[in-house]
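> Just need the structure, nothing else, for what follows:
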Amino acid sequence: MRWALVKVCLAVTAMVVVAFAVPLGLVVQEMASDRAFSNAERQAATIGPTLSITTDPVQLRKAVESTQMGAAQRMAVHVPAVGGGAPVEIGTGRAGAHAVEETRRMGRAMTARVAGGGSALLQPTALGSGDIAVVEIFVPESEVSNGVATAWLVLAGVGLALIVGSVAVADRLGARLVRPAERLADAAHQLGEGRLGARVPEDGPKELRSAAVAFNSMADQVVELLANERELAADLSHRLRTPLTVLRLNTASLGDGPAAEQTRAAVEQLEREVDTIIRTAREQRAPASAAGGAGAGCDASEVIRDRMAFWSALAEDEGREVRLAGVDRTVRLPVARPELAAALDALLGNVFRHTPEGTPFAVDVHDAGDAVIVLVSDAGPGIADPDAALRRGNDGGRDGSTGLGLDIVRRVAESTGGDVRIGRSMLGGTEVRVWIALDDRARGGGGGVRTRRGRRKRWGGLGGLGG
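Numbering: from 1, shown residues only. As a prediction, the model looks like this:
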């Protein structure tokens, strides 16, 4: 839009400059020509009194040489035969005899082109005998165009200055018009990225002010709708507490035994998840880009040990061999503990749900310095279409799954600037690699994309972690 305004202004100004400068230049050129020939007419008139008195060649030559044009050899006098005498030619004539005779016949001044450049002014003058003599004044081309080139240069400079000035003014005006539109587009991108506090100053042209008012109203409604959704989620989760309480009381009557302990642990886990949903829904949380702030992280090793302690009982019942690696030291992540636990439960739940009983699996943690890699691998049948499995609502075509588990994992990784990849594990089945970035430079914008691409090139050297 800004460049379009500049082009329109440039075109209009150029047309105006051409419309005025070209005629003005032609007028200047015509004035220079008139000035040169007017001066030639005055010089021709200076010899008129002498011709009215005498036609003696000696006297005429002296009179011609005494003038400015005669001294410069630019004046000639053509006297016809008078009283039976011979015609007299004084000075250097440049016009042809035909032009001289035509001037004498018509009795008025004429101009004739001269071979070699320039023009000749032919001025008829009456003699005392009644005959007509012709005074010729040579006008060189340089005198006819004197000052014309300078005038054209001045006009071109003025036109160029007008064009440059108009483009600069149009650019400034265009910037004032475009800047509100750019702010509106930027705020729309921010809102699309989840920064719900994005608003647009309501200034600029009337139409853009109306658009800014509409955008701010829409953003307020989005925030209100999300708040209502959080409240609804919290209310629905709160209603689950009553049946959970009944389940917890009923599990107390199951007595002892592995099945009873597993049931009680599952009920406790469900209660914790419901509490987490309620807290998350009622908190005014910052955007996902701030997930790695102070107090939001957790120890990945501790969370993995805790979740493996929960799943190990079921793994033992199904005869699955489990291997842990890299969880013997603290590994801090910029991810909240409930979110990491939910992601691990989703990955481990997929292993139990989609691999036969007795299939071994492994969980590995690797600290890469600027990122942490969590790998969950198994010896199952694998995933035929990993890309489809990463899309929400699709798990690669397997029955009994909505694919939401992998979507939870993906969102946790991408909240830090990382990502998730699915490949073939060293055990022969599926390997899910969760890259969780620790470097703030990996978050947001184009720099995050470049960082993640660079890291993927190094993943090839970590294949042994899945073994």
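> show me where this protein has strands.
Remark: strands assigned in the chain by DSSP state E are 75-79, 88-91, 110-113, 119-126, 132-139, 298-299, 322-325, 332-333, 361-367, 371-378, 419-424, 430-437.
> how about the ones you listed in a markdown table, adding distance to T67, mean pLDDT and mean neighbour count?
C-beta: built from backbone N, CA, C; applies to glycine. Shown next, in a markdown table, are the strands of the chain (distance: least, Cβ to Cβ, whole Å; pLDDT from 0 to 100; neighbours: other Cβ atoms under 10 Å):
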| stretch | distance to T67 | mean pLDDT | mean neighbour count |
| --- | --- | --- | --- |
| strand 75-79 | 6 | 88 | 24 |
| strand 88-91 | 10 | 85 | 20 |
| strand 110-113 | 19 | 88 | 16 |
| strand 119-126 | 13 | 88 | 21 |
| strand 132-139 | 10 | 89 | 25 |
| strand 298-299 | 111 | 88 | 18 |
| strand 322-325 | 117 | 93 | 14 |
| strand 332-333 | 107 | 88 | 19 |
| strand 361-367 | 107 | 93 | 21 |
| strand 371-378 | 100 | 93 | 25 |
| strand 419-424 | 99 | 90 | 18 |
| strand 430-437 | 98 | 92 | 25 |
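> which stretch among those comes nearest H189?
The closest of these to H189 is strand 419-424. By Cβ to Cβ, the value is 20.6 Å.
> got the angle for that closest one vs strand 430-437?
160 degrees (axes from the mean of the first three to the mean of the last three Cα atoms, to 10 degrees).
> so what does strand 419-424 touch, helix or strand wise?
helix 386-390, helix 404-414, strand 430-437 (3 or more Cβ pairs under 8 Å, 6 or more residues apart in numbering; DSSP states H and E).
> Format the CA atom coordinates belonging to that strand as CSV.
The C-alpha trace of strand 419-424 is given here as CSV (Å, rounded to 0.1, in the frame of the first residue of the first chain):
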residue,chain,number,x,y,z
ASP,A,419,9.7,-30.7,19.0
VAL,A,420,8.8,-34.5,18.8
ARG,A,421,10.0,-37.1,16.3
ILE,A,422,9.0,-40.7,15.8
GLY,A,423,11.3,-43.2,14.4
ARG,A,424,12.5,-46.8,14.6
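> Direction included, what does that strand pair against?
strand 430-437 (antiparallel) (DSSP bridges).
> can you list the residues that contact the partner strand?
Outside strand 430-437, the residues within contact range by Cβ atoms under 8 Å, 6 or more residues apart in numbering are 300, 333-335, 343, 347, 370-378, 380, 382-383, 406, 409, 412-413, 416-425, 443, 451-452, 455, 459, 462, 466.
> possible to save the strands of the chain as TSV with distance to A156?
Below are those laid out as TSV (distance: least, Cβ to Cβ, whole Å):
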stretch	distance to A156
strand 75-79	37
strand 88-91	41
strand 110-113	29
strand 119-126	27
strand 132-139	27
strand 298-299	73
strand 322-325	79
strand 332-333	69
strand 361-367	70
strand 371-378	63
strand 419-424	60
strand 430-437	60
